[in-house]
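Colleague: Let's see this in three dimensions:
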Amino acid sequence: MNRSTIKRAFTLIELLVVIAIIAILAAILFPVFAQAKAAAKATSALSNMKQVGIALQMYANDYDDVNSPPYVAFDAAGHNINWKHTASPYIKSTGLFADLVNPASKIYDGQSEPASAIAGGYLIDTTNGTTASGSGPYAPTARGYARMNQFFIANVWGNPGVPMGMYQQPANQGMLLETKTSWPDACPCVGWSMDVSQTDGDPLSKGLVWNYGGDKWGNKATIIIFADSHAKRRAWTQMCNLGNKTDFTDWGYTRNQIETSGPGGPGDYSWIDTMCSDPVVGIPASLR
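Modeller: Below is the predicted model of the structure:
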């Protein structure tokens with residue numbers, strides 16, 4: 001019998017060694033693949049927000065250089081639309097507001113979801129959709145991004161549109177950031193609870209954990225659109241510029257401005273700056 005024709009089978013030990021090697025390689029490579037996937041989704045979100053920032057700039061160009069207010073009551077009944085509706089003519093799809101990572105983007109905001117509207121004190125037209133008189137229906141919009149509430153820039157209460165010329169440092173003053181609440185606007189005056197439902201009051205917010213951020217980078221950072229429309233990742237601990245009161249925070253104002261604007265109004269330091277005044281208290285320890 002020709003020995004060269006005899007086929008030798010793998011032993012059990014050899015098979016186990018091969019399986020162990022494959023398992024080790026998988027353990028090494030799978031986290032790398034997961035990180036690459038997460039990075040790709042974050043890059044996609046950054047690109048989407050950049051396009052939204054450009055849309056906001058285009059809106060301002062068409063409205064005498066005044067940017068869109070966070071939300072607007074558009075008829076006698078007080079039904080509301082928000083800045084996403086006013087920006088929609090300048091983007092191809094409202095899908096830009098649906099972030100791939102942020103779990104909140106699967107839920108409609110306070111101007112599109114009746115339960116959220118009730119919690120936020122908004123009115124929407126539940127019979128014909130959210131419509132503006134004479135302009136037809138607006139597509140429902142997801143939560144996930146919020147306009148910086150900039151009443152402290154114009155020193156006017158009520159979420160006004162702000163003339164772009166009022167931004168002294170457009171590259172440093174934020175206009176938009178990632179959130180999970182049903183509200184279309186945000187500022188550091190909102191509670192920094194680890195349970196959104198405690199501060200939002202919205203039953204659909206349960207389980208979203210934290211008001212701000214899009215569940216990226218361990219929730220320690222967010223993507224911000226600045227007044228010059230550029231997009232950038234910013235850590236929460238970087239947003240306040242506590243070292244110099246004349247520096248602009250990423251929220252759009254200087255700490256010196258809000259401390260000297262007077263009590264009870266847009267410059268009331270005691271509540272507008274709840275997070276920036278004491279980051280150790282304001283930012284949950286797990287997110288610092």
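
Colleague: can you tell me the helix or strand for the residue most central in space within the chain?
Modeller: Relative to the mean C-alpha position of the chain, the nearest C-alpha, by C-alpha atoms, centre = their mean, is the one of residue 178, at 1.0 Å. Following DSSP states H and E, one finds residue 178 within strand 174-178.

Colleague: Could you list the paired strands of that strand along with their orientation?
Modeller: strand 145-148 (antiparallel), strand 221-226 (antiparallel) (DSSP bridges).

Colleague: show me where the stretch 151-288 of the chain has strands.
Modeller: When assigned using DSSP state E, counting those that start in this stretch, the strands of the stretch 151-288 of the chain occupy the ranges 174-178, 185-186, 221-226, 231-235.

Colleague: Tell me if I'm right that the residue nearest to the centre of the chain and residue 103 touch.
Modeller: No: using C-beta atoms under 8 Å, residue 178 is not in contact with residue 103; the gap is 11.4 Å. Using the backbone N, CA and C atoms, a C-beta is placed for each residue, glycine as well.

Colleague: Where does pLDDT dip in the stretch 1-150 of the chain?
Modeller: Residue ranges of the stretch 1-150 of the chain with pLDDT under 70: 1-10, 29-30, 32-36, 75, 126-137.

Colleague: go again using 90 as the cut-off
Modeller: 1-51, 66-101, 103-144, 147-150 (pLDDT under 90).

Colleague: what about residue 220, how many neighbours?
Modeller: Using other C-beta atoms under 10 Å, residue 220 has 14 other residues around it.

Colleague: quick one: contacts for it?
Modeller: 213, 235, 236, 237, 287, 288 (C-beta atoms under 8 Å, 6 or more residues apart in numbering).

Colleague: tell me the most buried of the strands paired with strand 174-178?
Modeller: Mean neighbour count (mean count of other C-beta atoms under 10 Å) peaks for strand 145-148 among the strands paired with strand 174-178, with a mean of 27.

Colleague: can you give me the offset of that one from its chain's centre?
Modeller: Relative to the chain's own centre, strand 145-148 is displaced by 6 Å; criterion: C-alpha atoms, centre = their mean, to the nearest Å.

Colleague: And the contacts of it?
Modeller: When contacts are defined by C-beta under 8 Å, 6+ apart, strand 145-148 is touched by residues 49, 52, 68, 70, 83-84, 97, 99, 174-179, 181, 183-187, 251-252.

Colleague: let's see it at 7 Å
Modeller: Strand 145-148 has contacts (C-beta atoms under 7 Å, 6 or more residues apart in numbering) with 49, 52, 70, 83, 97, 174-179, 183-187, 251-252.

Colleague: Look at the closest residue to residue 42 other than its chain neighbours and report its pLDDT.
Modeller: Distances taken as C-beta to C-beta, 6 or more residues apart in numbering place residue 216 nearest to residue 42, at 5.2 Å, with adjacent residues excluded. Note for residue 216: predicted pLDDT of 88.

Colleague: from what I can see residue 216 touches residue 43, true?
Modeller: No: counting by C-beta atoms under 7 Å, residue 216 does not reach residue 43; the two are 10.5 Å apart.

Colleague: So for those two, which residue has more residues nearby?
Modeller: Of the pair residue 216 and residue 43, residue 216 is the one with more neighbours under other C-beta under 10 Å, namely 22 against 10.

Colleague: what's the angle from the lengthiest helix in the chain to strand 221-226?
Modeller: Longest helix in the chain by number of residues, with DSSP state H as the criterion: helix 12-62. Helix 12-62 and strand 221-226 are oriented at 20 degrees to each other (axes from the mean of the first three to the mean of the last three C-alpha atoms, to 10 degrees).

Colleague: any idea of the angle helix 12-62 forms with strand 231-235?
Modeller: Using the same axes, to 10 degrees: helix 12-62 against strand 231-235 is 120 degrees.

Colleague: Who are the packing partners of helix 12-62?
Modeller: Under the contact criterion of 3 or more C-beta pairs under 7 Å, 6 or more residues apart in numbering; DSSP states H and E, helix 12-62 touches helix 83-87, strand 174-178, strand 221-226, strand 231-235.
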